[in-house]
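[1] Show me how the following folds:
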Amino acid sequence: MATVRLTYFDGRGLGEIVRFILAACGIEFTETLLQERQEYEKLLEDGKLEFYQVPLLEIDGLELVQTGAIVRYVARKGGLYGHSNAEQSKIDMFYEGTRDFFDSFHLMVFQDPKEVLAKAKAKGLPRYLPVFDQALKKNGTGFLVGDSMSLADVSLIELLLIVTEYFGEETLSDYPSLKAFKSMMVSQERIAAFLKGPQRKGANTDAYVATCRTVLKLDI
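    Coordinates of the predicted model:
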């Protein structure tokens with residue numbers, strides 16, 4: 001079997017949801033962790049970055065960029081993309097909602113982390129947590145869509161782990177469905193193994209931010 005390779009940075013960012021969905025689907029992968037500008041320029045020269053950006057996933061003879069396209073391909077391959085057009089549409093809807101929520105935290109690479117977290121706490125949490133809590137309660141299976149894990153659930157657990165990491169477990173105390181969902185998801189065999197394994201990245205560090213800025217020439 002050909003090697004599945006993820007090219008990104010040695011941090012979470014936009015690459016972590018790709019790692020999560022690969023792990024949830026039981027797809028083993030290797031990583032190329034960018035450290036120098038020249039490595040990025042070589043990818044451009046080789047025509048691997050369609051939109052001049054990472055993450056890049058090389059899988060099944062494809063060179064995929066755009067995070068949404070990557071995770072949907074993997075989810076379809078691994079059977080985590082619903083069983084009907086209606087389910088797939090709902091999965092897309094919830095996935096996009098989690099990505100909107102994720103943007104509240106992803107900006108820490110570009111802006112002052114304290115300001116980003118303060119805004120996320122004041123605006124992001126009260127906007128999104130009730131929506132996902134109610135969606136889980138309404139579906140009634142423990143998952144966002146249907147009766148089994150999907151891309152939407154994998155994306156949501158990534159967010160809940162971020163939320164509780166920065167703001168504490170008590171953040172979910174008023175959201176019983178989310179609290180139960182988090183407990184259930186981190187107990188899933190593949191998710192649990194990923195969270196304990198070496199490919200799970202830590203929270204942002206100054207070194208990670210500096211590397212992103214150097215490689216991508218971010219003057220911000």
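[2] going forward, measure contacts and count neighbours with C-alpha atoms only.
    Will do.
[3] so what's K182 up against?
    Contacts here follow C-alpha atoms under 8 Å, 6 or more residues apart in numbering; on that basis K182 touches I157, L160, L161.
[4] cutoff 7 Å now
    In this structure, K182 makes contact with I157, L160, judged by C-alpha atoms under 7 Å, 6 or more residues apart in numbering.
[5] Which of the helices or strands spans it?
    Secondary structure from DSSP states H and E places K182 in helix 176-186.
[6] ok, and the closest non-adjacent residue to L218?
    Computed as C-alpha to C-alpha, 6 or more residues apart in numbering, the closest residue to L218 that is not its neighbour in sequence is C212, at 7.6 Å.
[7] From R200, how far off is G15?
    G15 is 10 Å from R200, where distance means C-alpha to C-alpha, to the nearest Å.
[8] Compare neighbour counts for those two and give me the winner.
    Between G15 and R200, G15 has the larger neighbour count (other C-alpha atoms under 10 Å), namely 20 against 17.
[9] pLDDT at the more buried one, what is it?
    Per-residue pLDDT puts G15 at 96.
[10] how near is the nearest residue to it once chain neighbours are set aside to L117?
    Closest residue in space to G15, ignoring its immediate chain neighbours: P55 at 5.7 Å, by C-alpha to C-alpha, 6+ apart. For P55, the distance to L117 (C-alpha to C-alpha) stands at 24 Å.
[11] ok, now Y40?
    30 Å.
[12] Over to A193?
    28 Å.
[13] neighbour-wise, which of the two wins?
    The neighbour count for A193 versus L117, taken as other C-alpha under 10 Å, is higher for L117 (19 against 15).
[14] List phi and psi for the closest residue to K48 other than its chain neighbours.
    Spatially, and ignoring its direct neighbours in sequence, K48 is nearest to E63 (6.3 Å; C-alpha to C-alpha, 6+ apart). Phi and psi for E63, reported as degrees, to the nearest 10, are phi -120, psi 100.
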